[in-house]
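Asker: Fold the following for me, if possible:
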Amino acid sequence: MNKQFRSETPMTVCRGSVVQAAYRKPEIADHEGNPLEEALPPMLTTDQVILRLQHFPEFSESMRRASDEVRYLAIQNSMRFFVPLDIHIDLYRRFTNVLRVGYAGRNPFPYGVRSRPPQFESFDQYKTQYKSGMPQFMSTAAGFNIAGISGVGKSFSVERTLKLFPQVIHHTNYRDKPFTQSQIAWLKLDCPFDANPRGLCISFFKTVDALLGTNYRHDYGKRRPIQSELLSDMATVAGNHYIGVLVIDEIQRLSLARSGGADLLLNFFVQLVNDMGVPVVLVGTYKALAVLSGKFSQLRRGTGQGDMIWDRMQKGDQWELFVKALFSAQYTRKRFSPVDSENPNSDKPILSDVLYEESQGITDLAVKLYMFAQERAIDTGKEIVTANVIRSVARDKFVMLRDVLTALRSKEKFALAKWDDVYPHALKEYLDSFSQTGSQNITIEGTVANDPEIQNIIPSIGEPPAPPLSHPTKPDSPSSGTASGNNKSQPSRKPSKLARQRKPILPDLVKSGLQTKISAYDALKQHGYIKPASEFLS
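Answerer: Next up is the predicted model:
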C-alpha cells in the first residue's frame with residue numbers, strides 16, 4: 001500500500017444518516033430551484049418532533065422477577081432515557097430554520113438549471129450593469145449560541161436534534177442536469193482541550209474524511225501550514241461540501257487559549273458566516289459567556305435565532321413530566337410512584353420533590369440518582385424506592401458534588417461564584433454587552449429565569465450600564481445620581497478631554513494625602529476607592 005494513503009486511527013464522530021438526494025417541493029416558494037433546500041426532509045410538526053426525539057428503554061414487568069445481576073445491568077438503561085421538553089422543541093425549530101435560511105443564499109444554480117448567466121450591458125471599473133439582475137451571493141446564515149449549566153443535557157440534546165436531519169446527502173442529477181456533490185447538512189465538533197485553532201482544523205478534516213472517505217487530513221494537515229492557512233482550507237472544504245450548519249461544542253475551552261487564539265477562532269467563525277454563508281452554533285457552559293461577550297461581531301452573528309440560556313429545570317409541569325417518564329421503567333419488586341411519600345397520611349415530601357431537592361433540577365444528576373436509588377433498594381432487600389433511599393444515595397454517591405448542590409439550594413451567589421460553569425454570574429456582563437444595541441431576543445430556560453438577581457438584570461438590556469466600581473464618584477457630586485434624581489431628566493454629558501485629563505488618579509490622591517499628613521489608605525477611602533467589606537454581605 002502506498003505510504004502516502006496509509007489509514008489512520010478511525011475518527012469517532014457524531015454520525016447521522018447518509019441518504020441519496022430525493023427532491024421535494026419546499027415549504028416556501030423562494031426556496032424552489034435550490035437542490036440543497038429541496039433535498040432536506042420536510043419540516044416536522046411538534047407532535048412529530050416529540051415522537052422522533054423521545055426514547056425509553058425496553059421494559060417489561062417480567063424484568064422485576066429477574067435476578068439481581070440482570071436487574072443491575074438493566075437499570076443502566078436509564079442513561080439512554082430521553083423525554084422531549086419544551087426547550088427541545090425550540091431547539092429543533094432553531095436548527096431547521098438555520099439550515100433552510102442558510103442554504104437560501106447558497107444556491108448552486110443561481111441562474112436556474114437551464115439558463116446561462118445574463119449578458120453584460122456595460123462595464124466599468126466601479127459598476128457592472130446587467131440586462132437582468134444577476135443573483136449575487138448574499139449570506140443569509142444566522143447561527144446562535146447555547147450556554148448553560150453543566151449536566152442539563154445540552155450536548156446530548158443537540159446531537160439528538162441534529163440526527164433528525166440526514167447528515168450526508170449524495171447528489172447525482174438535479175432536474176436532468178448533472179450535479180455530483182456530497183452535501184454535508186450538519187457537522188458537530190468539540191473545541192480542542194487547549195483551544196488550539198490548528199487542533200480544530202485537524203479535527204474538522206478528519207471528521208469530513210470519516211464521513212466522505214476523502215483525504216483532507218493528509219492533504220491539508222500534514223504540511224504544517226500556519227493557522228490562518230489551515231482555517232482558510234477549512235472554509236474552502238466547508239463551502240465545497242455545502243455544510244449546512246457547523247456546531248462547535250465545549251466552546252468555554254476558548255478561555256484557555258493562548259494569547260490571540262480565542263480571537264483568531266471567533267474571527268474565523270464570523271468570516272465563515274460572512275464569506276461562505278455557513279451558520280455556526282456555539283455550545284458551552286456559562287464560562288463561555290465571558291469569551292463570547294468579548295466580540296460584538298460574534299455576538300451579533302450568534303443571535304440570528306436568539307440566544308439560548310439553558311439552566312437547570314424549573315420545578316413545575318416540565319419537571320413533573322420528566323419525572324413521570326423517568327419512573328416508567330422500574331426494576332424493583334415493588335412498584336412506586338413519583339407522588340408517593342414515606343407516610344401518605346403526613347405532609348412529608350413526595351418522591352418527585354425529594355428527587356428535585358437532591359438533584360437541584362440537573363437532569364443528569366436526577367437520572368443517576370434514580371439509578372442509584374433502585375440499586376440501593378435491591379441491595380437492602382426493601383425492593384422499593386422511598387424518599388429516605390433517595391437521600392441516602394445522594395449523601396453517599398454525590399460526595400464531591402455536595403458543596404455545589406448545597407450552594408445551589410441556598411442560592412448564595414458568592415458561594416456559587418467559585419464554580420463559573422454552574423452559576424451564571426457572567427450573565428450580567430453578557431447581557432450588558434447588548435446595552436448599546438437595544439433589546440435582544442434571548443431565551444432563558446430553567447430557574448435562572450426566576451432568579452431575583454437575573455430578573456434585575458434582564459430589564460437592563462438596552463439601558464446604559466452602571467458605572468464600574470473601580471471608578472466611583474463622590475457621594476455629593478452631581479454625577480452620582482443621588483441629588484433629588486435630577487439626572488434622570490437630563491441627558492448625560494460625556495466629559496471633555498480636558499476634564500478627563502484633570503481627573504485625579506490614584507498616585508495623585510496618595511501624594512495629596514501625604515502632603516496633608518493623611519495615610520494612603522485614608523486618602524483613598526475618602527475618595528471612595530476603598531469600600532467596607534460589609535457591603536458584600538447584603
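Asker: Which residues are in contact with the nearest residue to residue 82 once chain neighbours are set aside?
Answerer: Nearest in space to residue 82, with sequence neighbours left out and distances taken as Cβ to Cβ, 6 or more residues apart in numbering, is residue 55 at 4.4 Å. Using the backbone N, CA and C atoms, a C-beta is placed for each residue, glycine as well. Counting by Cβ atoms under 8 Å, 6 or more residues apart in numbering, residue 55 touches 80, 81, 82.
Asker: where does the chain dip in pLDDT?
Answerer: Applying pLDDT under 70 to the chain flags residues 1-14, 111-141, 223-225, 256-261, 293-306, 341-348, 411-507, 510, 517, 531-538.
Asker: how's it carved up into domains?
Answerer: Domain segmentation of the chain under automatic domain parsing yields 9-58+81-112+137-310, 317-410, 478-530.
Asker: Verify the assumption that residue 183 is located in a strand.
Answerer: Yes. Read with DSSP: H, G, I helix; E, B strand; the rest coil, residue 183 is one of the residues of a strand.
Asker: tell me the contacts of it?
Answerer: Applying Cβ under 8 Å, 6+ apart, we find residue 183 in contact with 21, 36, 39, 168, 169, 170, 171, 241, 242, 244.
Asker: In strands, which of those residues fall?
Answerer: 168, 169, 170, 171 (DSSP state E).
Asker: My read is that the first one contacts residue 185, right?
Answerer: Read that as residue 168. Yes. Look at residue 168 against residue 185 with Cβ atoms under 8 Å: they come within range, at 7.3 Å.
Asker: more crowded one of those two?
Answerer: Counted by other Cβ atoms under 10 Å, residue 168 and residue 185 do not tie: residue 185 has more neighbours, with 25 against 20.
Asker: residues contacting that one?
Answerer: For residue 185, the contact set (Cβ under 8 Å, 6+ apart) comprises 16, 40, 99, 165, 166, 167, 168, 169, 243, 244, 245.
Asker: Just the closest of the residues you listed to residue 508, please.
Answerer: Minimum distance to residue 508 across the contacts of residue 185 is 54.4 Å, recorded for residue 245 (Cβ to Cβ).
Asker: The closest one bridge partners, please.
Answerer: Going by DSSP bridges, residue 245 is paired in beta bridges with residue 186.
Asker: Tell me the helices and strands packed up against the helix or strand where residue 234 lies.
Answerer: Per DSSP states H and E, residue 234 falls inside helix 227-240. For helix 227-240, the elements it packs on are helix 197-212, helix 216-221, helix 261-276, judged by 3 or more Cβ pairs under 8 Å, 6 or more residues apart in numbering; DSSP states H and E.
Asker: ok and it relative to helix 197-212, angle-wise?
Answerer: Comparing the axes of helix 227-240 and helix 197-212 via axes from the mean of the first three to the mean of the last three Cα atoms, to 10 degrees yields an angle of 30 degrees.
Asker: angle of helix 227-240 against helix 261-276?
Answerer: 30 degrees.
Asker: who touches helix 227-240?
Answerer: The contact list for helix 227-240 (Cβ under 8 Å, 6+ apart) reads 197-198, 200-202, 204-205, 208, 216, 220-221, 225, 246, 264, 268, 271-272, 275-276, 278.
Asker: And stretch 76-91, by the same measure?
Answerer: With contact meaning Cβ under 8 Å, 6+ apart, stretch 76-91 is reached by 46, 49-50, 53-59, 156-158, 160-161, 308, 310, 313, 318, 321-322, 325-326, 329, 367, 370-371, 443, 445.
Asker: Among those, name the buried ones.
Answerer: For the contacts of stretch 76-91, a burial check counting by 16 or more other Cβ atoms under 10 Å picks out 49-50, 53, 157-158, 160-161, 308, 310, 313, 318, 322, 325-326, 329, 367, 370-371, 443, 445.
Asker: could the contacts of residue 55 go into TSV alongside neighbour count?
Answerer: Compiled in TSV, the contacts of residue 55 are given as follows (neighbours: other Cβ atoms under 10 Å):
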residue	neighbour count
80	11
81	19
82	18
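Asker: Name the nearest of those residues relative to residue 386.
Answerer: Proximity of those to residue 386 (Cβ to Cβ) peaks at residue 81, which lies at 21.1 Å.
Asker: Could you double-check that residue 149 lies in contact with residue 289?
Answerer: No. Look at residue 149 against residue 289 with Cβ under 8 Å: they stay out of range, at 11.7 Å.
Asker: what's near enough to touch residue 154?
Answerer: Residues near residue 154 by Cβ under 8 Å, 6+ apart: 146, 148, 283, 310.
Asker: just to revisit the earlier point, between the domains of the chain, which gets nearest to residue 64?
Answerer: Residue 64 lies closest, by Cβ to Cβ, to one member of those: domain 317-410, at 5.7 Å.
Asker: end to end, how far does that closest one reach?
Answerer: 23 Å (Cα to Cα, to the nearest Å).
Asker: what do you get for stretch 337-353?
Answerer: One end of stretch 337-353 to the other measures 12 Å (Cα to Cα).
Asker: next one: stretch 49-68
Answerer: For stretch 49-68, the end-to-end distance is 36 Å (Cα to Cα).
Asker: And for stretch 332-340?
Answerer: First-to-last residue span, stretch 332-340, Cα to Cα: 15 Å.
Asker: Sort out which residues of it are buried, please.
Answerer: Result for stretch 332-340 [16+ other Cβ under 10 Å]: buried residues 332, 336, 338, 340.
Asker: Output the helices and strands packed on helix 227-240 as a markdown table; include the columns distance to residue 404.
Answerer: Formatted as a markdown table, the helices and strands packed on helix 227-240 follow (distance: least, Cβ to Cβ, whole Å):
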| stretch | distance to residue 404 |
| --- | --- |
| helix 197-212 | 30 |
| helix 216-221 | 39 |
| helix 261-276 | 26 |
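Asker: Let me have the ones you listed in JSON lines, adding distance to residue 91 and mean neighbour count as columns.
Answerer: Output for the helices and strands packed on helix 227-240, formatted as JSON lines (distance: least, Cβ to Cβ, whole Å; neighbours: other Cβ atoms under 10 Å):
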{"stretch": "helix 197-212", "distance to residue 91": "22", "mean neighbour count": "21"}
{"stretch": "helix 216-221", "distance to residue 91": "30", "mean neighbour count": "18"}
{"stretch": "helix 261-276", "distance to residue 91": "20", "mean neighbour count": "19"}
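Asker: still on that earlier bit, the domains of the chain: which one's closest to residue 66?
Answerer: domain 317-410 (7.8 Å).
Asker: hang on, the earlier thing: relative to residue 30, tell me which of the helices and strands packed on helix 227-240 wins on proximity.
Answerer: Of all these, it is helix 261-276 that lies closest to residue 30, at 20.2 Å by Cβ to Cβ.
Asker: which other helices and strands contact that closest one?
Answerer: On a contact count with 3+ Cβ pairs under 8 Å, 6+ apart, helix 261-276 meets helix 197-212, helix 227-240, strand 280-285, helix 287-292, helix 296-301.
Asker: Now do that helix against strand 280-285, angle only.
Answerer: Calculated by the same axes, to 10 degrees, helix 261-276 forms an angle of 150 degrees with strand 280-285.
Asker: can you dump the C-alpha coordinates of helix 261-276 into CSV?
Answerer: What follows is helix 261-276 as a C-alpha-only set of coordinates in CSV (Å, rounded to 0.1, in the frame of the first residue of the first chain):
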residue,chain,number,x,y,z
GLY,A,261,-6.0,32.1,19.9
ALA,A,262,-9.6,32.8,21.1
ASP,A,263,-9.9,35.9,19.0
LEU,A,264,-8.5,34.1,16.0
LEU,A,265,-11.2,31.4,16.2
LEU,A,266,-14.0,33.8,16.9
ASN,A,267,-13.0,36.0,14.0
PHE,A,268,-12.8,32.9,11.8
PHE,A,269,-16.4,31.9,12.8
VAL,A,270,-17.5,35.4,11.7
GLN,A,271,-15.7,35.0,8.4
LEU,A,272,-17.3,31.6,7.9
VAL,A,273,-20.7,33.2,8.2
ASN,A,274,-19.9,36.2,6.1
ASP,A,275,-17.9,34.7,3.2
MET,A,276,-19.2,31.2,3.0
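Asker: Much appreciated, bye for now.
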